[in-house]
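A.B. asks: sequence plus the predicted model coming up.
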Amino acid sequence: MTLYIIRRLLWAVLVVNVVVFITFLVFFKLPNGNPALRFVGKFPTQENIQLAEQRLHLNRPFYIEYFYFVKNFFAGDEYGWPGLGYSYGNYVSVRSEVLQRAPRTLFLIAGAATIWLIFGVAIGVLSAVRRRTAVDRAAMGFALFGISAPVFWLGLMALFLIWKKLGLTDGSGYTPIDQGIGHWFGHLILPWTVLALLYIAIYARLTRNNLLETLGEDYIRTARAKGLSERRVILKHGLRASLTPIVTIFGLDMALLVGGAIITESVFNIQGLGWLAYNGAITQDLPSVLGVVICTATAVALANLIVDILYAFLDPRVRYA
Amino acid sequence: MKNPIRKLTWLVGLAAAFAVASAMGASAHTTASSTIKSGGTLNVGWEQAFNFTDNGDPTGEYLGEWFGIADNLLVRTLVGYNHTAGAAGNTIVADIATSVPKPTNGGKTYTFHIKQGVMFSPPVSRQVTCADEVNAMQRLANPKDGGQYAFYYTVIKGWDSYAAGKAKSISGISCPNSSTVVFNLTQPTGDFLFRMAMPATGPQPAEVTKCFEGQAGKYALDLISTAGYMYQGIDQVDISSCSKLKPASGYDGQTQMILVRNPNYKQSTDPTRKNYVDEVRFLIDASDVDIYNKVENGTFDLAESTIPNTVLKKYATDPSLKSHFFQNSGDRTWYLTMNMTQPPFDDVHVRRAMNWIIDKAALRQIWGGPTVGDIANHIVPDTLFNFKLQEYKPYQTAGDHGSVTKARLAMKGSPYADKTGMCTASVCKNVLLIADARAVDPGMVSVIQQDAAKIGITFTVRTINGAYPTVQTVAKNVPISERPGWGKDYADPVTFFEPLFDGRTIIPTGNTNYSLVGITKSQCTKLKVTGDCNTYNPKTGLGVLSVNSMLDKCSPLTGTARTVCYEGMDKYLSTQVVPWVPWMWSKVTRITSSNVTHYQFDQFGTTPAYAMISVKS
């Protein structure tokens, strides 16, 4: 197992490198115009443009820039380790930007994931064991609504009703946890719920389908024939086997949200990593984009590894040499 | 359009804007009668990101919104403005100089005397001197410090030598004593005082700026103020050595700029700023919808953000909210640009026909109707001519909807057209039109296509998210684009004419003379222009026209002669050169919270006059 993990970690480093290389390539080779133009005013001279290119390190060949980026990343730069350079937009180190925004995104994802996992799996199980009843139909109707309702609409509606009209939460924005857990929670409860709604729907459907399939297996019939309680049959034998695909998708969903919760972050003014990436992309701020890409790619690679390890615990047939 | 939420809101709300426009009529006002009091905090929601062009470093920063902050709250200049709306807000007044100087030496020398009591904020905390003015100007001249409008100051003697590193100082700036600064120019320059009111010229202390030499933008994090406010925490910054210098806590470049009162500021030295509030907070917020929710509930008092049309409608139509709804001239022209080297727009007849055929009212309607601006009838907004060209409407049509008859009449003179005034030549078909990808662009393109088809011109439309870089690359040879808009830097028409029509300043990328007015054959070869670079032939109407000599003639003039000269240039451009189809002069709309007791507009920055706004708490 240890060898397997080491091998996978090395692969993860390679994958992250490849992703960063491709991002670098796209920004350097396929830019929408010269990023330096943003920093030379609306009536620039050729000399100003060249100086800005020099300042932003856009005047050297792509592969040299990439080399320096990788070198600074591993060796660190003037702002510390890992060296991510500074934002073209505000001259703040990308490392500090990522560190400032990461807790926002991570708390958002962790809270939402907890909600969607608990409710999604519970609804899925309930729906599967009460198949073709009103409970099943209501649960699947809810799932359909969750999948169909766009996050931005749900978010705006939630803010309008629960914050603006009823004043039940602290509304949009983000308060760090060290400035009061109440306000921290008050600002996050709506985004957690809204982000979780979509995933609850997906997880409920997934759980229901998997569980129904599993409950039709011979070994479930055997378990029942042995006289095990229905609760034990469903939760120990049925659900455990149904969880393997749930774990797969759960790991990836969480990892992808590291840089991909842009709409939720936008509607609720959380300004996390997704927001940083979006702003970086539209302003051609390559260092900021790379900072988030590295975070996301690392998260995806690690999530994949964790998921694979969890397989072994969930499914006795899976063993890693 | 900066973000997807806003984009969606735009789309949903365009129809609502029409209703708003109808409801508003001409009743928009500029100031509120109210109780003014000192104290409290002004909270300003700022959408998405500050988007400063140089992070707010006065030497390089070129964003109008930042000019409003700097000019009102942080950076005093030798001469400045009254921080009010309209013509009064465009008039030069003394700021840290004791008076507005009269030029001597045939218009080539300006002498300013610095008021006693004008101090730098902590941690510098000393009187502003001539050396600080020289320091600011040297930063501006040094290309490595990122000056983005240094071109305005090349008329100062010795500027170019210093900029090129051939001189240790700018010979045309001298300090007879610590409170007197003298500028010697190479030629009379009628708008020099306007240039000296730009924030980059505000004195800066060398003991701090020396730590940021050659690091454009970084000084912004430790900007030392001379006005009524300063960054929160700047007084805690250790400036004893560059290595100890850390950014002030009040401004992080990404989420907030918090300004508190500058304890060294003496109101008696400043007749132009009232500085009512104790603190001003500029806070980044992700979406316009969220921002205006917060303006409504008083979390924010003002917003630097697109106004969702539902909000616009509400404030424009609800009588109880109208005292929080303000509109002023934005001193900005939106236009279609036509490239004089690219057929069929190499023919002035075609360009005139385009001016006659385009339904300007329809284009404006797509943006929200009369709420968002006035129909543009010529190049420079009327406000910059003090409305002297208000009646000058060379292409006026009924309801500003365009005229097929007049367009075809204009087109008849073209070698590309038939006798009916239809453009039948092959060059009129599938002409490349570069469009942006904002919410308004599809509608605009549709109007332009339908209108141009009436005179025989058809387009191949290429939509680019962020079209400016393409349009600004000369070698792309873009024939026409609907993207451009241009706003003044200061209240002089030269800030339109020189950047936009001087053929000598055309550069390969980042070029702002999109029409290539005044381009020469040799420039065309060098810049890879593939079209018609011949000089203008009055018999055919084909070829490139130039206004370079007119620019040189107008530039040194002052007073009425200057205004008349630029009026003539606007008319010449509008009817003889015809590089554009100007279609709207946009307005600036602001909504305030109920916490704001007095609002004022700053015409120079075309932003709220932050120093003149008061709040309840």
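C.D. replies: Yep, it's here.
A.B. asks: contacting residues for residue 72?
C.D. replies: This is for chain A. Going by C-beta atoms under 8 Å, 6 or more residues apart in numbering or on different chains, residue A:72 touches A:83, A:84, A:85. Heads up, the C-betas are built off the backbone N, CA and C, glycines and all.
A.B. asks: please go with chain B instead
C.D. replies: B:83, B:227, B:273, B:602, B:605, B:609, B:610, B:611, B:612.
A.B. asks: of those, keep whichever come out buried.
C.D. replies: By neighbour count, with 16 or more other C-beta atoms under 10 Å in any protein chain shown, those hold B:83, B:227, B:273, B:602, B:605, B:609, B:610, B:611, B:612 as buried.
A.B. asks: by pLDDT, give me the weakest of those.
C.D. replies: Lowest-confidence member of the buried ones among the contacts of residue B:72: residue B:605, scoring 93 (pLDDT).
A.B. asks: which secondary structure state does that one sit in?
C.D. replies: coil (DSSP: H, G, I helix; E, B strand; the rest coil).
A.B. asks: how close does it sit to chain A?
C.D. replies: As judged by C-beta to the nearest C-beta, to the nearest Å, residue B:605 and chain A stand 15 Å apart.
A.B. asks: before we move on, back to that, out of the buried ones among the contacts of residue B:72, the closest to chain A would be?
C.D. replies: residue B:605 (15.0 Å; C-beta to the nearest C-beta).
A.B. asks: picking that back up, just the contacts of residue B:72: which are in helices?
C.D. replies: Within those, no residue falls in helices by DSSP state H.
A.B. asks: correct me, but residue B:537 touches residue B:543?
C.D. replies: Yes: using C-beta atoms under 8 Å, residue B:537 is in contact with residue B:543, at 5.1 Å.
A.B. asks: so if I had to pick from these two, which one is more boxed in?
C.D. replies: residue B:543 (17 against 10; other C-beta atoms under 10 Å in any protein chain shown).
A.B. asks: residue contacts, the more buried one?
C.D. replies: When contacts are counted by C-beta under 8 Å, 6+ apart, residue B:543 is found next to B:340, B:346, B:532, B:534, B:535, B:536, B:537.
A.B. asks: and the residue of chain A found nearest chain B, how many neighbours?
C.D. replies: The nearest approach of chain A to chain B comes at residue A:33, 2.1 Å away (C-beta to the nearest C-beta). Residue A:33 sits with 20 neighbouring residues when counted by other C-beta under 10 Å.
A.B. asks: name the element it belongs to?
C.D. replies: Under the assignment given by DSSP states H and E, residue A:33 is not contained in any helix or strand.
A.B. asks: any low-confidence regions in chain A?
C.D. replies: Applying pLDDT under 70 to chain A flags the ranges A:31-32, A:317-321.
A.B. asks: contacting residues for the most centrally placed residue in chain A?
C.D. replies: Central residue check for chain A by C-alpha atoms, centre = their mean: the C-alpha nearest the mean position is that of residue A:257, 1.5 Å away. Residues near residue A:257 by C-beta under 8 Å, 6+ apart: A:105, A:108, A:109, A:112, A:195, A:274.
A.B. asks: again, 10 Å this time
C.D. replies: Residue A:257 makes contacts with A:105-106, A:108-110, A:112-113, A:195, A:199, A:264-265, A:272-274, A:296, A:299, as judged by C-beta atoms under 10 Å, 6 or more residues apart in numbering or on different chains.
A.B. asks: measure the residue nearest to residue B:556 when sequence neighbours are not counted to residue B:552 for me?
C.D. replies: Closest residue in space to residue B:556, ignoring its immediate chain neighbours: residue B:188 at 4.0 Å, by C-beta to C-beta, 6 or more residues apart in numbering or on different chains. According to C-beta to C-beta, to the nearest Å, residue B:188 stands 12 Å off from residue B:552.
A.B. asks: neighbour count: these two, which is higher?
C.D. replies: residue B:188 (17 against 12).
A.B. asks: next, the more buried one: secondary structure please.
C.D. replies: Secondary structure of residue B:188, per three-state DSSP, is coil.
A.B. asks: you'd agree it is up against residue B:105?
C.D. replies: Yes: if you go by C-beta atoms under 10 Å, residue B:188 and residue B:105 touch, sitting 9.1 Å apart.
A.B. asks: low-confidence stretches in the stretch 451-600 of chain B?
C.D. replies: For the stretch 451-600 of chain B (pLDDT under 70), the answer is none.
A.B. asks: residue 258 - how many residues pack around it?
C.D. replies: You didn't pick a chain, so chain A it is. Neighbour tally, residue A:258, other C-beta under 10 Å: 24.
A.B. asks: wrong one, chain B
C.D. replies: With other C-beta under 10 Å as criterion, residue B:258 counts 20.
A.B. asks: now do residue B:522
C.D. replies: 9.
A.B. asks: quick check: it is in a helix.
C.D. replies: Yes: counting by three-state DSSP, residue B:522 is located in a helix.
A.B. asks: and it, what is it in contact with?
C.D. replies: Counted by C-beta under 10 Å, 6+ apart, residue B:522 has contacts residue B:533.
A.B. asks: how close does it sit to chain A?
C.D. replies: Taking C-beta to the nearest C-beta, one finds residue B:522 at 16 Å from chain A.
A.B. asks: on that earlier part again, ok, so of the contacts of residue B:543, who is nearest chain A?
C.D. replies: residue B:340 (19.1 Å).
A.B. asks: give the contact list for the closest one.
C.D. replies: Applying C-beta under 10 Å, 6+ apart, the residues contacting residue B:340 are B:346-348, B:351, B:479, B:513-519, B:531-533, B:536, B:542-546, B:577-579.
A.B. asks: phi, psi for it please.
C.D. replies: Backbone torsions of residue B:340, given as degrees, to the nearest 10, read phi -70, psi -10.
A.B. asks: report pLDDT for residue B:34.
C.D. replies: Residue B:34 is given a pLDDT of 51.
A.B. asks: distance check, the residue in chain B that chain A sits nearest to against residue A:284.
C.D. replies: Closest residue of chain B to chain A, C-beta to the nearest C-beta: residue B:469 (2.1 Å). Distance from residue B:469 to residue A:284, counting by C-beta to C-beta: 9 Å.
A.B. asks: ok, now residue B:92?
C.D. replies: Residue B:92 is 37 Å from residue A:284, by C-beta to C-beta.
A.B. asks: which one's more surrounded, those two?
C.D. replies: The neighbour count for residue B:92 versus residue A:284, taken as other C-beta under 10 Å, is higher for residue A:284 (22 against 18).
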